[in-house]
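Asker: no sequence on hand, only this structure:
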């Protein structure tokens, strides 16, 4: 079974950047589609970005296009989310999620594995 651990969250000023990491352990990660989601206080879980098992295909929520970049390094069993031009409305807990041999999806319900989340706070 694969376990996911997010890191890289923190406090940043508006306009700044952060890189989140999602590290997998337990078995090879290379066949998994991985997505990033976020949840702000009082709101539902929101799709952020997803990457295919080989890193070739990606998908982004419209509000993140051009600001966020998802990538992966299967040799390191890690998926990254580079976030730039951050806004206060990006403040949320960010989760990575994975599904084995699945297609890219914006739906949180299709992902089988979840990390514990990492807090991102953007100050104005």
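Answerer: Good, I have the coordinates. These numbers come from a predicted model, not from an experiment.

Asker: quick check: closest non-adjacent residue to residue 32.
Answerer: residue 98 (4.2 Å; C-beta to C-beta, 6 or more residues apart in numbering). Backbone N, C-alpha and C define where each C-beta goes, glycine included.

Asker: hang on, isn't that neighbour packed against residue 34?
Answerer: Yes: between residue 98 and residue 34 a contact is recorded at 4.9 Å, counting by C-beta atoms under 8 Å.

Asker: now the helices for the protein?
Answerer: For the chain, applying DSSP state H gives no helices.

Asker: any weak-confidence spans in it?
Answerer: Within the chain, no range satisfies pLDDT under 70.

Asker: find the centremost residue of it, please.
Answerer: Central residue of the chain (C-alpha atoms, centre = their mean): residue 36, 2.6 Å from the mean position.

Asker: right, and that one touches residue 49 too?
Answerer: Yes: the pair residue 36 / residue 49 is scored as a contact, 5.0 Å apart, by C-beta under 8 Å.

Asker: number of nearby residues for the residue nearest to residue 51 when sequence neighbours are not counted?
Answerer: Excluding the flanking residues, the one nearest residue 51 by C-beta to C-beta, 6+ apart is residue 70, at 4.7 Å. Here the count is done by other C-beta atoms under 10 Å, and residue 70 has 24 residues near it.

Asker: run through the residues that contact residue 70.
Answerer: Listed by C-beta atoms under 8 Å, 6 or more residues apart in numbering, the contact partners of residue 70 are 34, 36, 49, 50, 51, 58, 60, 79, 80, 81, 82.

Asker: buried ones among those residues?
Answerer: Among the contacts of residue 70, the ones that count as buried by 16 or more other C-beta atoms under 10 Å are 34, 36, 49, 50, 51, 60, 79, 80, 81.

Asker: can you tell me how far the residue nearest to residue 32 is from residue 7?
Answerer: 16 Å (C-beta to C-beta, to the nearest Å).

Asker: the more surrounded of the two?
Answerer: More crowded of residue 98 and residue 7, by other C-beta under 10 Å: residue 98, with 23 against 13.

Asker: beta partners for the more buried one?
Answerer: residue 34, residue 113 (DSSP bridges).
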